[in-house]
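Engineer: Sharing a model prediction with you, sequence too.
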Amino acid sequence: MSVFTPLEQHELETFLAPYGLGRLHEFQGIAAGTENSNFFVSLEGGEFVLTLVERGPVDDLPFFIELLDVLHQADLAVPYALRDRDGMALRSLAEKPALLQPRLPGSHVSEPNPHHCAEVGDWLAQLHLATRERVLERPSDRGLAWMLEQGPSLALSLPDEQLPLLRDALAEIQALLPRLQTLPRANLHADLFRDNVLFEGTHLTGVIDFYNACSGPMLYDLAITVNDWCSTPDGPLDPARTQALLGAYSTQRHFTPAEAELWPAMLRIACVRFWLSRLIAAEENAGRTVLIKNPDEFRCLLEARQQADSALPFAL
Ligand SMILES: Nc1ncnc2c1ncn2[C@@H]1O[C@H](COP(=O)(O)OP(=O)(O)O)[C@@H](O)[C@H]1O
Ligand SMILES: N[C@@H](CCOP(=O)(O)O)C(=O)O
């Protein structure tokens, strides 16, 4: 249960009053999620989600609010922050930064088919197109420099047989660094996994959890997304899902030759990012009753990505 800060009805009513959304019918803590305290809030004026920010990049909340405003204005289904009567988006409740957002319909899909993947590719292209002309700058706190810094120390706790895989992947990142930095940029979701997307049937109804959002190469966002949505249980990419996702994306944005060339490497880099972050999380949370995602899943994906099993379609 990830409600770290329980709320009393009366304090919630006081907090909600300045939004002018009518009487509070009911509220309920959301069990899913690991970072923040989230509540479904039912008001006369509709259904909402209240987030109390418990940890993470609190100083960057104005960036997330601005990015979500841009995406909402571009008609993407995202949980933008509602304003109270004084125009305030970021407020405080129980001494935590607090945001009220519309509740998006739909539920998560754990076993996506090509139709789901096409919707995700389409959504991701819209995110990139909506932001690439005026990128809101925020370096990722888990970007290439972070991987090169964390990788060698995390390698110390890996079994010997896993070392060459990580060492070679870090060497590849180091060697490609100058070229990666010249790829076309936009704002990225940077964590577009299945548990951050909502669907009704095969229709995408919302994308949540923008706390990894940043500025960077669009190809990196695509690689993160393809690795999660299109991998088979053994690791290789499923051709039908991969083609559906990349095809839907590329009808909106053509890839450059440099992107096409760097695609297999970018798929590996996106594996390294989550292999390392899961190794850190597993170490930090050992013995605690929180969901620990398996780092080996991304080690296996990285092994499978040694073969270039997908090409970018329609490169210019
Ligand atoms: N705006 C929203 N609309 C609908 N459901 C939401 C919304 N925001 C969060 N949720 C639900 O709450 C859960 C936890 O949200 P998430 O952002 O993943 O939390 P955390 O930041 O703690 O990881 C999600 O899995 C989703 O089911
Ligand atoms: N989706 C990721 C978790 C989010 O990354 P983090 O670096 O913010 O922990 C995963 O499945 O590992």
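Structural biologist: Everything's here; your move. Ligands and ions are numbered 1, 2, ... in the order given.
Engineer: pLDDT weak spots in the protein?
Structural biologist: Within the chain, the stretches with pLDDT under 70 are 1, 308-310, 313-316.
Engineer: at 80 instead, please
Structural biologist: In the predicted model of the chain, residues 1-2, 33-34, 287-291, 308-311, 313-316 satisfy pLDDT under 80.
Engineer: what ranges do the strands span in it?
Structural biologist: For the chain, the strands defined by DSSP state E cover 24-29, 37-43, 46-52, 91-93, 96-102, 185-188, 197-200, 203-207, 214-217.
Engineer: Would you reformat these as JSON lines and include distance to residue 156 and mean neighbour count?
Structural biologist: In this view, the C-beta of every residue, glycine as well, is placed from N, C-alpha and C. Putting the strands of the chain into JSON lines (distance: least, Cβ to Cβ, whole Å; neighbours: other Cβ atoms under 10 Å) gives the following:
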{"stretch": "strand 24-29", "distance to residue 156": "39", "mean neighbour count": "14"}
{"stretch": "strand 37-43", "distance to residue 156": "35", "mean neighbour count": "19"}
{"stretch": "strand 46-52", "distance to residue 156": "36", "mean neighbour count": "18"}
{"stretch": "strand 91-93", "distance to residue 156": "41", "mean neighbour count": "16"}
{"stretch": "strand 96-102", "distance to residue 156": "36", "mean neighbour count": "19"}
{"stretch": "strand 185-188", "distance to residue 156": "30", "mean neighbour count": "24"}
{"stretch": "strand 197-200", "distance to residue 156": "35", "mean neighbour count": "20"}
{"stretch": "strand 203-207", "distance to residue 156": "36", "mean neighbour count": "18"}
{"stretch": "strand 214-217", "distance to residue 156": "28", "mean neighbour count": "23"}
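Engineer: Format those as a markdown table; extra columns: distance to ligand 2.
Structural biologist: Listed next are the strands of the chain as a markdown table, based on distance: least, Cβ to the nearest ligand atom, whole Å:
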| stretch | distance to ligand 2 |
| --- | --- |
| strand 24-29 | 21 |
| strand 37-43 | 15 |
| strand 46-52 | 15 |
| strand 91-93 | 23 |
| strand 96-102 | 18 |
| strand 185-188 | 13 |
| strand 197-200 | 11 |
| strand 203-207 | 13 |
| strand 214-217 | 11 |
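Engineer: out of everything not next to it in sequence, what's closest to whatever residue of the chain ends up closest to ligand 1?
Structural biologist: Distances between the chain and ligand 1 by Cβ to the nearest ligand atom are smallest at residue 33, namely 2.5 Å. The shortest distance from residue 33 to any non-neighbouring residue, by Cβ to Cβ, 6 or more residues apart in numbering, is to residue 2 (4.8 Å).
Engineer: So which bits of the chain are right by ligand 2?
Structural biologist: Proximity of the chain to ligand 2 (Cβ under 6 Å from any ligand atom) is limited to residues 142, 191, 193, 212, 274, 277, 278, 281, 293.
Engineer: unless I'm mixing things up, the first one is touching residue 277, no?
Structural biologist: Yes - when contacts are counted by Cβ atoms under 8 Å, residue 142 is listed as touching residue 277 (5.9 Å).
Engineer: Please enumerate the helices of the stretch 151-300 of the chain.
Structural biologist: Taking DSSP state H, counting those that start in this stretch to define them, one finds helices in the stretch 151-300 of the chain at 163-180, 218-230, 239-250, 257-284, 295-304.
Engineer: what's the answer for the stretch 1-150 of the chain, then?
Structural biologist: Using DSSP H, counting those that start in this stretch, the helices assigned to the stretch 1-150 of the chain run over residues 9-16, 61-73, 114-131, 144-155.
Engineer: most packed of the ones you listed?
Structural biologist: Scoring the helices of the stretch 1-150 of the chain by mean neighbour count under mean count of other Cβ atoms under 10 Å gives helix 114-131 as the most buried, with a mean of 21.
Engineer: how far away is the spatially closest residue to residue 283 that is not a sequence neighbour from residue 271?
Structural biologist: In space, not counting the residues next to it along the chain, residue 283 is nearest to residue 157; the distance is 7.5 Å by Cβ to Cβ, 6+ apart. Going from residue 157 to residue 271 by Cβ to Cβ, to the nearest Å gives 18 Å.
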